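Peer 1: quick one, structure for this:
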Amino acid sequence: MGAAYADVTHSTCYSLSRFCSKLKHLDLTSCVSITNSSLKGISEGCRNLEYLNLSWCDQITKDGIEALVRGCQGLKALLLRGCTQLEDEALKHIQNYCHELVSLNLQSCSRITDEGVVQICRGCHRLQALCLSGCSNLTDASLTALGLNCPRLQILEAARCSHLTDAGFTLLARNCHDLEKMDLEECILITDSTLIQLSIHCPKLQALSLSHCELITDDGILHLSNSTCGHERLRVLELDNCLLITDVALEHLENCRGLERLELYDCQQVTRAGIKRMRVGLGLGSGLNLTSFLSNRIKH
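Peer 2: Alright, predicted model coming up:
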């Protein structure tokens, strides 16, 4: 079920609870009238729920989450993007009841701190996908908790988490070998050291965003391109506004034969000549559609 209407209220949820006891998938994205009472209604009758999207339902607080998870302990995916009133205690409730959780989205839940993420990691060991983008208070303590407790992690989105460093990502990479997608946009403290660790320990990596990570250099790209993931798996690499990247990085990336998209917006040391050489290098026997291969949006 999908919805995006303000007139979906707690009465709707109580009706679902009463008549849809077998409901497993419910999408209430942007239903801004949803309240804690609504979640209480859902929890009382929809105990088979596995997927629930409450993104941008910004009236919800920890009390609603507690009521929800007490009744819906089989949740596998819970999306809470833009639920800006949620604090660490809400995550404690999730940790206490939702041990089957595989996917959790906390994008722009800006009140969340390391304490809440640590709680989730300790109780939800099956977690495979976690979005923390816009949770600007987080530090390496969150990455450490993920690395020590969630070895099945495949997707981590941590855009705009500007306090995260190489130390945290080193521990994460050494323990989470199934990582396939990482969004590290505006993780401004990371350096080539993070790319070296990902190159060594994360051979399944397919998509990596490093946009606005201004300390990344050609050397980090060299390690990435020479790794197992670079040779065999890497499909998407975003390097927008990585100001130290030059044409040398493009030469290294010719080793990434499976690369489908490369973002280079405002990489001011990358030239059109360098892009042309890369096209030629990758085009030799590769069969790639080179006209759409590179996002050629540099300014000069």
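Peer 1: S193 is in what secondary structure piece?
Peer 2: According to DSSP states H and E, S193 maps onto helix 192-201.
Peer 1: could I get the average pLDDT for that helix?
Peer 2: Confidence for helix 192-201, expressed as mean pLDDT, is 98.
Peer 1: show me what the helix or strand just after that helix is packed against.
Peer 2: Moving toward the C-terminus from helix 192-201, the next helix or strand (DSSP H and E) is strand 207-209. In terms of contacts (3 or more Cβ pairs under 8 Å, 6 or more residues apart in numbering; DSSP states H and E), strand 207-209 is packed against strand 181-183, strand 236-238. C-beta here means a position set from N, CA and C on the backbone, and glycine is covered the same way.
Peer 1: give the burial count for the residue nearest to R233 when sequence neighbours are not counted, as a bare number.
Peer 2: Once flanking residues are discounted, R233 sits nearest to Q206: 5.1 Å by Cβ to Cβ, 6 or more residues apart in numbering. Residues within reach of Q206, counting by other Cβ atoms under 10 Å, total 18.
Peer 1: show me the helices in the stretch 151-300 of the chain, by range?
Peer 2: With DSSP state H, counting those that start in this stretch as the definition, the stretch 151-300 of the chain shows helices at residue ranges 166-175, 192-201, 218-225, 228-232, 247-253, 272-283.
Peer 1: how about these, which one is nearest R18?
Peer 2: Of all the helices of the stretch 151-300 of the chain, the one in closest proximity to R18, counting by Cβ to Cβ, is helix 166-175 (44.0 Å).
Peer 1: could you give the mean pLDDT of the closest one?
Peer 2: The predicted model assigns helix 166-175 a mean pLDDT of 98.
Peer 1: repeat that for stretch 54-71.
Peer 2: For stretch 54-71, mean pLDDT is 97.
Peer 1: centre of the chain to that stretch, how far?
Peer 2: Here the centre of mass of C-alpha atoms in stretch 54-71, compared against the chain's by Cα atoms, centre = their mean, to the nearest Å, lies 21 Å away.
Peer 1: so that it lines up with my notes, have the first residue be 7 from now on.
Peer 2: Fine by me, first position is 7 from now on; the one you just mentioned is stretch 60-77.
Peer 1: ends of it, how far apart?
Peer 2: Between the opening and closing residues of stretch 60-77 lies a distance of 16 Å (Cα to Cα, to the nearest Å).
Peer 1: give me the number of residues near H31?
Peer 2: In terms of burial, H31 registers 12 neighbours under the definition other Cβ under 10 Å.
Peer 1: tell me the strands in this protein, going along the chain?
Peer 2: 31-33, 57-59, 83-85, 109-111, 135-137, 161-163, 187-189, 213-215, 242-244, 267-269, 300-301 (DSSP state E).
Peer 1: to T15, which of those strands lies closest?
Peer 2: Of all the strands of the chain, the one in closest proximity to T15, counting by Cβ to Cβ, is strand 31-33 (14.5 Å).
Peer 1: circling back: with only the CA atoms kept, save the helix holding S199 in CSV.
Peer 2: Below are the C-alpha coordinates for helix 198-207, written out as CSV (Å, rounded to 0.1, in the frame of the first residue of the first chain):
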residue,chain,number,x,y,z
ASP,A,198,43.4,8.0,0.8
SER,A,199,43.8,5.8,3.9
THR,A,200,40.1,4.9,3.8
LEU,A,201,40.3,4.0,0.1
ILE,A,202,43.3,1.7,0.8
GLN,A,203,41.3,-0.1,3.5
LEU,A,204,38.3,-0.5,1.3
SER,A,205,40.5,-1.8,-1.5
ILE,A,206,42.0,-4.5,0.7
HIS,A,207,39.0,-5.6,2.7
